[in-house]
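S.K.: Below are the sequence and a predicted model for it; my questions follow.
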Amino acid sequence: MITNIAKRLQAKALHFVRWATWLVLSCGLLCSPWQGIAAQEPFQWWKGNLHAHTLWSDGDEFPEAVVAWYKSRGYHFLALTDHNILQQGARWLNIASPALEETFQRHLHRFGPSGVDQRIRQGQLQVRLRTWSELCALFQERGRFLLLPGEEITDACPEGTLRIPVHLNGINLRQLIRPAGGRTVLEVLQRNIDAVRAQRQRTGQLMLAHIAHPNFGWAVRAEDLMVIKGAPLFEVYNGHPVVHNKGDTLHPSTERLWDIALTFRLAKLRLGPVFGLAVDDAHHYSSFSPTNANPGRGWIAVRATRLAPASVLQALESGDFYASTGVRLRDIQRSTNQLTIVIEPEPDVSYLTQFIGTRRQFDASSLPALTSPTQSRPASRRYSADIGMVLAEVRGPVATYAFRGDELYVRAKVISSKPKANGLSEAETEVAWVQPVVLEP
């Protein structure tokens, strides 16, 4: 695949002026196949990742190498979400360190001299980073691979002597969203979400924001997630090694945050559910280890009739997708009476499906957050074990839960016995999360 890409790059380089003109005129077709292409079946699972970085910000690889990594491994869609920037305009990167020199030489070998724009300025080697439009022209294929424009809106909230990192991803943006700031974490979240919603309304294009790595810097509390408006998505799993998916002795895990937020949004605040994503948050593409933020750790599969931005985003907004670190699902069947999960089984792998939810008559009391002398920022309050109970467990490739009728919601978690390749810990196994079904009273 890389050889074919290099040949295409070389051919385009020989006719650069004509190609550039053609690209401008045809970008609307190549980069924005808004109508998509129908799947062969009425519905199909499309695999993708909504959080990845390149040398446009703090990733360690050129954007075309990043896109090639995902496409060559069967991903159907990808959003490059560099920090506070869209991949637009001329950007020349100084090759000013041994690590960058090594990356550049590897890139030159893979894509060929005519596939890399380089120059010398004041004795410094510079390489031009490919834009999103160029990446679309090189990689996008109708019905096979889709690129979504994205940005990690990287903000912070001052709190005493701290600056709390508050990050969101804007997906399918048309214009850069500048960090909006705010006096509290909740205000920072809401103002940036509102900025994405305003752009969506102004442009008429479907786009969304999702909350990134809520436990990074212990930024997002359950009390924030339960009241946020306009962002029904957050990262329940992020593949970066420093984002604390599992929480600690003072802070709840991202799954616990999810259940607390779901319970109070549905039972008390009437705000609707929050859906959980799995993402890579990839930064490191050449050296793979549990201490690096590598690609391939977390992904989602949306169910849609076609591979197009609108179809992908509509599936996300409606919760018609699952999140995974490796487990593949064949089907998710929802009815008024039950939820059934059909797993795509692998040989010699066992599966345990947990059906998790909160019943309507739950204990809504809470206790103050735990504190420690070294913890300067309060954590989420402590809530009853009634919230996010394991309602049932089923072993095997097919699991069904019959609703009792007193549940606020039911979600599913599929735990496999297969060790997670390049996981964040040796004990990690592959998992999938099915979005909550909200039950009417």
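M.R.: Good, I have the coordinates. Note that the coordinates shown come from a computational prediction; the quantities given were computed from them, not determined experimentally.

S.K.: Please enumerate the strands of the stretch 201-350 of the chain.
M.R.: Counting by DSSP state E, counting those that start in this stretch, the stretch 201-350 of the chain has strands at residues 208-211, 233-238, 275-279, 299-304, 321-324, 329-334, 338-343.

S.K.: Quick one: those as CSV, columns for mean pLDDT, distance to residue 374 and mean neighbour count too.
M.R.: For the C-beta atoms, the positions are set from N, CA and C on the backbone; glycine is no exception. Formatted as CSV, the strands of the stretch 201-350 of the chain follow (pLDDT from 0 to 100; distance: least, Cβ to Cβ, whole Å; neighbours: other Cβ atoms under 10 Å):
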stretch, mean pLDDT, distance to residue 374, mean neighbour count
strand 208-211, 98, 26, 25
strand 233-238, 98, 24, 25
strand 275-279, 99, 29, 26
strand 299-304, 98, 35, 23
strand 321-324, 99, 32, 24
strand 329-334, 98, 41, 15
strand 338-343, 98, 41, 18
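
S.K.: Below-threshold pLDDT in this structure: ranges please.
M.R.: 1-41, 376 (pLDDT under 70).

S.K.: Could you chop it up by domain?
M.R.: 1-26+92-128, 41-91+129-438 (automatic domain parsing).

S.K.: Return the most buried member of the ones you listed.
M.R.: domain 41-91+129-438 (a mean of 19; mean count of other Cβ atoms under 10 Å).

S.K.: Export stretch 58-69 to PDB, keeping only CA atoms.
M.R.: C-alpha atoms of stretch 58-69 as PDB (Å, rounded to 0.1, in the frame of the first residue of the first chain):
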ATOM      1  CA  ASP A  58       2.400  17.000  19.400                       C
ATOM      2  CA  GLY A  59       2.300  13.700  17.500                       C
ATOM      3  CA  ASP A  60       5.600  12.200  16.400                       C
ATOM      4  CA  GLU A  61       4.700  11.200  12.800                       C
ATOM      5  CA  PHE A  62       3.900  12.900   9.500                       C
ATOM      6  CA  PRO A  63       0.100  13.100   8.800                       C
ATOM      7  CA  GLU A  64       0.200  10.900   5.700                       C
ATOM      8  CA  ALA A  65       2.000   8.100   7.700                       C
ATOM      9  CA  VAL A  66      -0.600   8.400  10.400                       C
ATOM     10  CA  VAL A  67      -3.500   8.100   8.000                       C
ATOM     11  CA  ALA A  68      -1.800   5.200   6.200                       C
ATOM     12  CA  TRP A  69      -1.400   3.300   9.500                       C
END
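
S.K.: what about it, distance to the chain center?
M.R.: 16 Å (Cα atoms, centre = their mean, to the nearest Å).

S.K.: returning to that earlier point: same list, the strands of the stretch 201-350 of the chain, but as JSON lines with distance to residue 384 please.
M.R.: Conversion of the strands of the stretch 201-350 of the chain to JSON lines gives the following (distance: least, Cβ to Cβ, whole Å):
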{"stretch": "strand 208-211", "distance to residue 384": "24"}
{"stretch": "strand 233-238", "distance to residue 384": "21"}
{"stretch": "strand 275-279", "distance to residue 384": "21"}
{"stretch": "strand 299-304", "distance to residue 384": "30"}
{"stretch": "strand 321-324", "distance to residue 384": "26"}
{"stretch": "strand 329-334", "distance to residue 384": "27"}
{"stretch": "strand 338-343", "distance to residue 384": "23"}
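
S.K.: Tell me which of the ones you listed lies nearest to residue 290.
M.R.: Residue 290 lies closest to strand 233-238 among the strands of the stretch 201-350 of the chain, at 14.0 Å (Cβ to Cβ).

S.K.: how about the helices in this structure?
M.R.: 2-14, 16-31, 63-72, 98-111, 132-139, 185-203, 222-225, 254-264, 309-318 (DSSP state H).

S.K.: Could you list which residues are in contact with residue 361?
M.R.: Applying Cβ atoms under 8 Å, 6 or more residues apart in numbering, we find residue 361 in contact with residue 406.

S.K.: Leaving out chain neighbours, which residue sits closest to residue 285?
M.R.: Distances taken as Cβ to Cβ, 6 or more residues apart in numbering place residue 61 nearest to residue 285, at 4.0 Å, with adjacent residues excluded.

S.K.: got it, and residue 379?
M.R.: Setting aside the residues directly before and after it, residue 379 is nearest to residue 369 in space (Cβ to Cβ, 6+ apart), at 4.2 Å.

S.K.: can you tell me how far that neighbour sits from residue 222?
M.R.: The spacing between residue 369 and residue 222, counted by Cβ to Cβ, to the nearest Å, is 10 Å.

S.K.: Tell me the residues that contact both of those two, please.
M.R.: Joint contacts of residue 369 and residue 222 (Cβ under 8 Å, 6+ apart) are 380, 381.

S.K.: Include distance to residue 79 when you put the helices of the chain into TSV, please.
M.R.: Below are the helices of the chain laid out as TSV (distance: least, Cβ to Cβ, whole Å):
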stretch	distance to residue 79
helix 2-14	20
helix 16-31	13
helix 63-72	10
helix 98-111	22
helix 132-139	10
helix 185-203	13
helix 222-225	22
helix 254-264	20
helix 309-318	10
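
S.K.: For residue 381, which of those helices is the nearest?
M.R.: helix 222-225 (6.8 Å).

S.K.: May I have that closest one as PDB, with CA atoms only?
M.R.: Written as PDB, here are the backbone C-alpha positions of helix 222-225 (Å, rounded to 0.1, in the frame of the first residue of the first chain):
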ATOM      1  CA  ALA A 222     -19.300  13.300  37.900                       C
ATOM      2  CA  GLU A 223     -21.100  16.500  38.900                       C
ATOM      3  CA  ASP A 224     -19.900  18.200  35.700                       C
ATOM      4  CA  LEU A 225     -20.800  15.300  33.400                       C
END
